[in-house]
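# need coordinates for the below:
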Amino acid sequence: MIKAGKHSSERIVDLCGPQGNAYALLGMAKGFAKQLDLDWEPIKSEMTSGNYSDLVLAMDKYFGEYVTFVNAKQAGVKIENDCEDDECEDDEE
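Numbers count the residues shown, from 1 in each chain. Presented below is the predicted three-dimensional model:
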């Protein structure tokens, strides 16, 4: 799950901090894959096939249930819907 600010969760990764480093994320993803008995190679391939945003989005796709990413926008991660809960309002009036 990708959040704009800081929120409580079991595992929070600040994408602007040291845990947000691409190599740190790859290491974390490899650990999750091993724990969940998933084939690491296709996950790694998807995570490393593009830019940093692609890496974070792939990590969120596979492991978003287990980790919450914060400060995505500040880290330059391009997400389709970066609105949180009631943060975005309809432009229709």
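# from residue 68, how far off is residue 18?
Relative to residue 68, residue 18 is positioned 17 Å away (CB to CB, to the nearest Å). C-beta: built from backbone N, CA, C; applies to glycine.
# quick check: phi and psi on residue 64?
phi -60, psi -20 (degrees, to the nearest 10).
# now do residue 45
Dihedral angles for residue 45 - degrees, to the nearest 10 - are phi -60, psi -40.
# residues near residue 76, how many?
Residue 76 has 12 neighbours, counted by other CB atoms under 10 Å.
# residue 44 sits in which helix or strand?
Assessed by DSSP states H and E, residue 44 sits inside helix 40-47.
# which elements pack onto that helix?
helix 22-35, helix 52-63 (3 or more CB pairs under 8 Å, 6 or more residues apart in numbering; DSSP states H and E).
# most packed of these?
helix 52-63 (a mean of 19; mean count of other CB atoms under 10 Å).
# run through who's touching that helix.
1-2, 15, 22, 25-26, 28-29, 32-33, 38, 43, 46-48, 67, 69, 72, 75-79 (CB atoms under 8 Å, 6 or more residues apart in numbering).
# so where is the chain shaky, pLDDT-wise?
1-10, 80-93 (pLDDT under 70).
# relative to residue 33, how far out is the nearest residue to residue 46 once chain neighbours are set aside?
What sits nearest to residue 46 in space, not counting adjacent residues and going by CB to CB, 6 or more residues apart in numbering, is residue 58, at 4.6 Å. According to CB to CB, residue 58 and residue 33 sit 12 Å apart.
# same question, residue 14
Per CB to CB, residue 14 is found 22 Å from residue 33.
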